[in-house]
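Peer 1: Structure here, sequence nowhere to be found:
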């Protein structure tokens, strides 16, 4: 009951903070103007996700002693740096080189302080030992997910909705007991879910304010290191972390690879993500965001079942989710051809 009350209070606080931030950024003319990548038509205030960052970091400070103090302090410190850089990018665009350099430094610090993935579990096949390659994979995982989450913040309700549903997933995992029973991770996940839910009150279609890089990069980093904070870096840690972010990883990752193979400038503005194709094809922002939220909630259920030791989840993870993505991709392709 106390956890429910805290969730409600944090949600209300987030809603109020976003309202105050919106008033401030409107006065300061911190607006997101439409460009070649945009899915909106009118200049819209951005930076509302700062409320999520504040709520999560305050919660992390409050519950820092619920886990290894070194781990919690590294998360808080790196989270502050990531959020600060994201805010600076919202106010005045930073170069790709600078952002990647800072993110790379954050990844190295996180690995030195929290460890790295030593193996990965592949459903239906078993555990694959990574050895020292795990260091490289963990580095790419942190930097990659930090940017992937930023790339996917493209339509009303998308990034906030997935953060809400993935936060619920991590709450279930961290309360499941065993290696996942980590109070610090539980409260981090709860604050992410509650902060994002309150933010959605302003960001659901039609959005009154956007999240901004301040929160999209912060959330990407948070979801990247939650597996490191919660487990013993065993194979399930990386697999479950990937599972809860599967929609964003598939959309951002496959789009990046596809554009790279075509020889396109991968960091230039574009509208070739699956979610963008669905919107261009006629679906509303609310419908597409709801789809991603439901798919994330489904992945959260699968992750909980897997964490409880039930192998029935394996075929749904290894075969079911890819088949869903293939169907959605083919459907988006048909819409693109019609239009």
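Peer 2: Right, received. Where do you want to start? If you're wondering where the values come from, they're calculated on a predicted model, not measured in any experiment. Residues are numbered from 1 along each chain as shown.
Peer 1: Give the next helix or strand downstream of the helix-or-strand element of the chain with minimal mean pLDDT.
Peer 2: Taking all helices and strands of the chain together, the one with the lowest average confidence (mean pLDDT, DSSP states H and E) is strand 31-32, at a mean of 80. The helix or strand immediately downstream of strand 31-32 is strand 44-45, counting by DSSP states H and E.
Peer 1: Can you list the neighbours in contact with that next one?
Peer 2: Among residues not part of strand 44-45, those counted as contacts by C-beta atoms under 8 Å, 6 or more residues apart in numbering are 22, 25, 26, 30, 31, 32, 207, 208, 209, 210. Where C-beta positions appear, they are placed from N, C-alpha and C, glycine not excepted.
Peer 1: Swap in 10 Å and give it another go.
Peer 2: For strand 44-45, the external contacting residues (C-beta atoms under 10 Å, 6 or more residues apart in numbering) are 21-34, 38, 156, 202-203, 206-210, 212.
Peer 1: cool, stretch 316-330 as well?
Peer 2: The contact list for stretch 316-330, computed with C-beta under 10 Å, 6+ apart, reads 121-125, 239-240, 242-243, 246-247, 250-251, 254, 274-275, 277-278, 291, 295, 298-299, 301-303, 305-306, 313-314.
Peer 1: same thing with stretch 131-145?
Peer 2: Everything outside stretch 131-145 that qualifies as a contact, by C-beta under 10 Å, 6+ apart, is 78, 99-100, 103-104, 106-111, 114-120, 130, 217, 219-225, 227-228, 233, 238, 241-242, 245, 248-249, 252-253, 256.
Peer 1: switch the cut-off to 6 Å
Peer 2: Residues external to stretch 131-145 that are found in contact with it (C-beta atoms under 6 Å, 6 or more residues apart in numbering): 103, 107, 110, 111, 116, 117, 118, 220, 224.
Peer 1: re earlier: in ChimeraX, how would I select the buried members of the contacts of stretch 316-330?
Peer 2: Burial among the contacts of stretch 316-330 is assessed by 16 or more other C-beta atoms under 10 Å; the matching ChimeraX selection reads:
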select :121,123,239,240,242,243,246,247,250,251,274,275,277,278,291,295,298,299,302,303,305,306,313,314
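Peer 1: out of the contacts of stretch 316-330, which are inside helices?
Peer 2: For the contacts of stretch 316-330, membership in helices holds for 239-240, 242-243, 246-247, 250-251, 254, 274-275, 277-278, 291, 295, 298-299, 301-303, 305-306, 313-314, with DSSP state H as the criterion.
Peer 1: Contact partners for residue 289?
Peer 2: Taking C-beta under 6 Å, 6+ apart as the test, what residue 289 contacts is 157, 158, 161.
Peer 1: ugh, wrong one, residue 308
Peer 2: For residue 308, no residue counts as a contact, taking C-beta under 6 Å, 6+ apart as the criterion.
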